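Participant: just coords:
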Ligand code: ZN
């Protein structure tokens, strides 16, 4: 126990608070409901992976991450309107929801929902947190080896750690 280090192919459980430049908490989770991510798979922003690399269980860190290591700089023409019925009705639209579309060259690109009105949904190439410096406070709660399935899928499955060994 306690000898595991955060590195590629580990599933890491964290509690965190994410604050903006004004110190306002904009995201987070606590130890009762941790975030599990697969290290090295881009599940969390690059700057956070770098900050957590090599950490042990119980470590608490702070990290200030510029947009380039976070959700990227803001770009593009800004939010674009789409009719609500361009989305399948079974999709539950929420702010920040990512989805893939093909551009006119058939290239896949990621868009984010940034505004929802009754008949119109606004989408943008920018993640809602693009352009922001991210101030993280993170506690490492658990570290375990990823299963073969998880490595293949590139994300953790919601397996109770107690069931694994
Ligand atoms: Zn999967």
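Facilitator: Alright, I've got the coordinates. Computed from a predicted structure; not experimentally measured.

Participant: for this structure, give me the ranges with low pLDDT.
Facilitator: 1-2, 159-165 (pLDDT under 70).

Participant: in it, which residue sits furthest out from the middle?
Facilitator: Using Cα atoms, centre = their mean, the residue of the chain lying farthest from its centre is residue 119. It sits 28.3 Å away.

Participant: doesn't residue 84 make contact with that residue?
Facilitator: Yes - in this structure residue 119 lies within contact range of residue 84 using Cβ atoms under 8 Å: 5.2 Å. Bear in mind the C-beta positions are built from the backbone N, C-alpha and C, glycine included.

Participant: got the phi and psi for the spatially most central residue of the chain?
Facilitator: Per Cα atoms, centre = their mean, the C-alpha nearest to the average position across the chain is that of residue 44, at 4.3 Å. The phi and psi values for residue 44, taken as degrees, to the nearest 10, are phi -120, psi 170.

Participant: how about it: what's its closest non-neighbour residue?
Facilitator: In this structure, residue 44 finds its nearest non-sequential neighbour in residue 37, 5.1 Å apart by Cβ to Cβ, 6 or more residues apart in numbering.

Participant: if we can go back for a sec, distance of the residue farthest from the centre of the chain relative to residue 87?
Facilitator: 12 Å (Cβ to Cβ, to the nearest Å).

Participant: returning to what we had before: ok, the residue farthest from the centre of the chain - contacts?
Facilitator: Residue 119 makes contacts with 83, 84, as judged by Cβ atoms under 8 Å, 6 or more residues apart in numbering.
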